[in-house]
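Student: Give me a 3D structure for the following:
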Amino acid sequence: MTRTSGAELVRRPGDPQRATFLELFFDLVFVLGLAQLSHELIDDLAWSGAFRTLVLLLAMWWVWFTTASLTDRLNPQQPAIQLLVIGTLVGGLVMAAALPDAFGAKGLVFAAAYVATQVGRSLFLLFQLRGHDLQRRSARALFWFSVSSVPWIAGALAHDAVRVTLWTLALVVDYVVFALGLPTPRLGRSPKSDLPVMAEHLAERHRQFFIIALGELILVTGLAFSGTGFEPDRSAAFAVSIATTVLLWRIYIYRAGELLAEAIHASADPLRLGLAATYAHVVMVAGVVVTAVGFELVIAHPLGDTYPTWIVVILGGPALFLVGRATFEYAVFGHISGDRPVGLLVLAALTPAMLLGPPLLPALAAAVVLAAIAIADTRPRIGRRGFMTSTRAPRGRRTSCFPLYW
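Tutor: The predicted structure follows:
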């Protein structure tokens, strides 16, 4: 393959901003990854198990996000970028396959796939972008991914709590240096002038990932239901799971989910807005994963005994989603609708009473709370101000809010 010049790889302001079929194909890896995370959590319903699942989720998310930011700035129609995305897809697939035993015998496979994906991508772009200003960004990413690779590999060679600690340190490095603009010795930070230019593209990619998370919820609950005899109680639990999935989609997409790109354009500080929106999506996706675990338990034992850890999962999944959704709404509109904190308080207040009933009861209660929030969202908000105010960016300004990390 003939090497394309660095300038030809970069998106231009007039290029189409819709996600490509290759990017959607890449997302399919994360249906498997999120489903594996659900199984990982259900096998260890303890705080330690929840934290380990969070570590794996953050690693998978970072592979997805760094790829999304890459195709936001570089043209995915170029063969070199397509090859890079496919290579990342393979790395993500290996990580997803190793997830169930990532804290066991397959830890080195998981860590090596993560490091090879992130470091290999940066090396590839360092070569491909020769002669272009963005080559310096690839050099910064290469430096920091090389730094974080040390605790990743060291953790894979260790066991138990040491592995958890080292992998947590590696993720802290990856996330924090990104938020600080990749400050690198002799290269400095990434200048704001290097930010991506396709706000609509990244907003669409975040919506698509959330839809992928809902797809994982449907997959897990569907498989759990297919393994039953379609008894009335399990059918009722499955119906509640479908209703909850629809409500999560509705609450997510209503206004804030639809208007993220416009909010980026209108924001006086798109970097701050973008970081908040990005991390809010991590919390919402985590909430969906926990919700999937809860419904797997409910469908299997709809009228059985209820355990405290089950209540935490069944009510905690929707609660975690609402926390992320409230953060997302604040990032887009600068305020939080009152029904979000009220919904969280109701879920918390219901928790003790839910111990007295079967698992189907808290699942139904959570669905009712979500339905009330979805209905409240449709009411007119007197005096509410949207983001289309004097903070709107100058005409023609099309900067996104996410520093590239590759």
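
Student: Is Ile251 in contact with Ile373, as I believe?
Tutor: Yes - Ile251 is in contact with Ile373 according to CB atoms under 8 Å; the separation is 5.9 Å. Quick note: C-beta positions are derived from backbone N, CA and C, even for glycine.

Student: list residues touching both of the two?
Tutor: Common contact partners of Ile251 and Ile373 (CB atoms under 8 Å, 6 or more residues apart in numbering): Leu322.

Student: show me where this protein has helices.
Tutor: Secondary structure of the chain (DSSP state H): helices located at 6-9, 21-42, 47-73, 79-98, 107-128, 135-157, 160-179, 199-226, 232-252, 260-266, 270-300, 308-333, 339-354, 360-377.

Student: right, so of those, which gets closest to Leu187?
Tutor: Comparison of those against Leu187 by CB to CB identifies helix 135-157 as nearest, at 5.5 Å.

Student: Okay, buried residues for that closest one please.
Tutor: Neighbour counts over helix 135-157 (16 or more other CB atoms under 10 Å) mark 136-145, 148-149, 151-156 as buried.

Student: quick one: Leu56 and Leu37, what's the gap?
Tutor: Separation of Leu56 from Leu37 (CB to CB, to the nearest Å) stands at 6 Å.

Student: Now do the shared contacts for these two.
Tutor: Listed as contacting both Leu56 and Leu37 by CB under 8 Å, 6+ apart are Leu99.

Student: In contact with Ala300, which residues?
Tutor: So Ala300 contacts Ala224, Thr228, Arg234 (CB under 8 Å, 6+ apart).

Student: Look at the first one and report its pLDDT.
Tutor: pLDDT, the model's per-residue confidence, is 93 for Ala224.

Student: Give me the neighbour count for it.
Tutor: For Ala224, the count of nearby residues is 21 (other CB atoms under 10 Å).

Student: Let me see the contact set for the residue most central in space within the chain.
Tutor: Geometric centre of the chain, nearest residue: Val282, 3.9 Å, by CA atoms, centre = their mean. Residues in contact with Val282 (CB under 8 Å, 6+ apart) are Leu57, Leu58, Trp61, Gly324.

Student: so where's the protein uncertain?
Tutor: Under the criterion pLDDT under 70, the flagged ranges of the chain are 1-7, 12-17, 192-199, 257, 264, 267-272, 274, 380-406.

Student: Tell me how far Trp249 lies from Ala280.
Tutor: Here Trp249 is placed at a distance of 16 Å from Ala280 (CB to CB).

Student: which one of the two has more residues nearby?
Tutor: For Trp249 versus Ala280, neighbours defined as other CB under 10 Å are more numerous around Ala280 (22 against 17).

Student: just checking, that one touches Ile336?
Tutor: No - using CB under 8 Å, Ala280 is not in contact with Ile336, being 11.5 Å away.

Student: Tell me which residues touch Ile375, please.
Tutor: Contacts of Ile375 by CB under 8 Å, 6+ apart: none found.

Student: That one and Ser149: what is the separation?
Tutor: For Ile375, the distance to Ser149 - CB to CB - is 49 Å.

Student: What is the distance between stretch 313-324 and the centre of its chain?
Tutor: Offset of stretch 313-324 from its chain centre (CA atoms, centre = their mean, to the nearest Å): 15 Å.

Student: Over to stretch 67-82?
Tutor: That offset, for stretch 67-82, works out to 19 Å (CA atoms, centre = their mean).

Student: Next: stretch 308-323.
Tutor: Distance, centroid of stretch 308-323 to centroid of chain: 18 Å (CA atoms, centre = their mean).

Student: tell me which residues in that stretch are buried?
Tutor: 310-323.

Student: Specify which member of those residues is nearest to Phe178.
Tutor: Closest to Phe178, out of all of those and judged by CB to CB, is Val323, at 21.7 Å.

Student: Give the burial count for the residue nearest to the closest one when sequence neighbours are not counted, as a bare number.
Tutor: Distances taken as CB to CB, 6 or more residues apart in numbering put Val283 closest to Val323, at 5.8 Å, once the chain neighbours are dropped. As a burial measure, Val283 scores 17 neighbours (other CB under 10 Å).

Student: and if you look at Leu83?
Tutor: Neighbour tally, Leu83, other CB under 10 Å: 13.

Student: Leu345 too?
Tutor: Neighbour count for Leu345, taken as other CB under 10 Å: 12.

Student: again with Thr67
Tutor: 26.

Student: ditto for the one 4 residues further on
Tutor: Close neighbours of Thr71, defined as other CB under 10 Å, add up to 27.

Student: Check whether it really touches Val85, as I assumed.
Tutor: Yes - the pair Thr71 / Val85 is scored as a contact, 6.7 Å apart, by CB under 8 Å.

Student: what residues do these two have in common as contacts?
Tutor: By CB under 8 Å, 6+ apart, Thr71 and Val85 have these common neighbours: Glu23.

Student: what's the spacing between the nearest residue to Pro308 once chain neighbours are set aside and Leu315?
Tutor: Excluding its sequence neighbours, the residue lying closest to Pro308 (CB to CB, 6+ apart) is Leu355, at 6.7 Å. When CB to CB is applied, the distance between Leu355 and Leu315 equals 11 Å.
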